[in-house]
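J.: sequence first, then the predicted structure:
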Amino acid sequence: MRVKNRNKNSVVPQKSSTDHIFQPPNSYEGESLLHLLNSIQREIRSARLADQSLPHKIWLKQQFSIGVNDVTRVLERMPPVHGFISSSPQNAVYRSRNAKQPPIRLQAILIATDCNPRGLTKHLPVLASSREVPVIFVKDKTGGSFKLGEIVNLKTAMAIGVKARGNSINKMIDGILGANDCRPISDAT
């Protein structure tokens with residue numbers, strides 16, 4: 001897009017909103033997406049076979065944070081990496097009540113890029129960056145949210161957080177993150 005300047009002979013290029021599209025290094029689409037999702041599903045099946053003490057739905061909730069609201073809630077409860085803790089009295093009461101339970105940590109977040117409206121997941125990469133949680137973008141024009149939903153036996157899921165529990169699922173996610181050098185969004189930009 002070009003905008004004419006006050007001088008009628010000069011033309012100054014002006015950046016449009018599409019000039020600075022950022023392609024994150026940790027996004028999956030096509031064959032690499034299918035391989036990633038198949039390996040996650042395979043690992044979930046094998047981990048589930050090893051631990052059948054709970055009903056499947058409850059077991060999934062222990063392994064994953066499912067949905068935008070749940071992922072946001074878990075991220076907000078995680079302490080920021082740079083040590084900023086609010087000194088408000090309400091937070092002190094909250095911390096003292098929950099002193100027995102350390103906050104649940106997320107190892108990584110999978111976000112579908114096809115959500116509509118786009119603003120639903122817009123806050124997650126920023127929040128994850130402040131907690132140094134890597135974000136993996138699932139790009140599929142025909143339904144990344146459908147593919148994420150398949151992982152957790154739902155129709156759709158726009159965001160899934162993998163809880164750090166030290167199990168075989170976490171080891172597999174570590175392999176994916178290490179292989180692709182996924183860093184928090186603040187480091188990737």
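T.: Looks like it came in fine. Numbering: from 1, shown residues only.

J.: for residue 118, give me its contacts.
T.: The contact partners of residue 118, by C-beta atoms under 8 Å, 6 or more residues apart in numbering, come to none. Yep, even glycine has a C-beta here, placed from its N, CA and C like the rest.

J.: did I read that right, residue 160 in a strand?
T.: Yes. If the criterion is DSSP: H, G, I helix; E, B strand; the rest coil, then residue 160 is within a strand.

J.: would you list the phi and psi of the closest residue to it other than its chain neighbours?
T.: Excluding its sequence neighbours, the residue lying closest to residue 160 (C-beta to C-beta, 6 or more residues apart in numbering) is residue 110, at 4.6 Å. When read as degrees, to the nearest 10, the backbone of residue 110 gives phi -100, psi 130.

J.: does residue 110 really touch residue 138, like I thought?
T.: Yes. Assessed by C-beta atoms under 8 Å, residue 110 is found in contact with residue 138 at 5.7 Å.

J.: which neighbours do these two have in common?
T.: Counting by C-beta under 8 Å, 6+ apart, the contacts common to residue 110 and residue 138 are residue 148.

J.: show me where this structure has its helices.
T.: 30-50, 56-63, 68-77, 89-97, 124-130, 144-151, 168-180, 185-188 (DSSP state H).

J.: to residue 104, which of those lies closest?
T.: Proximity to residue 104 (C-beta to C-beta) singles out helix 68-77 among these, at 5.5 Å.
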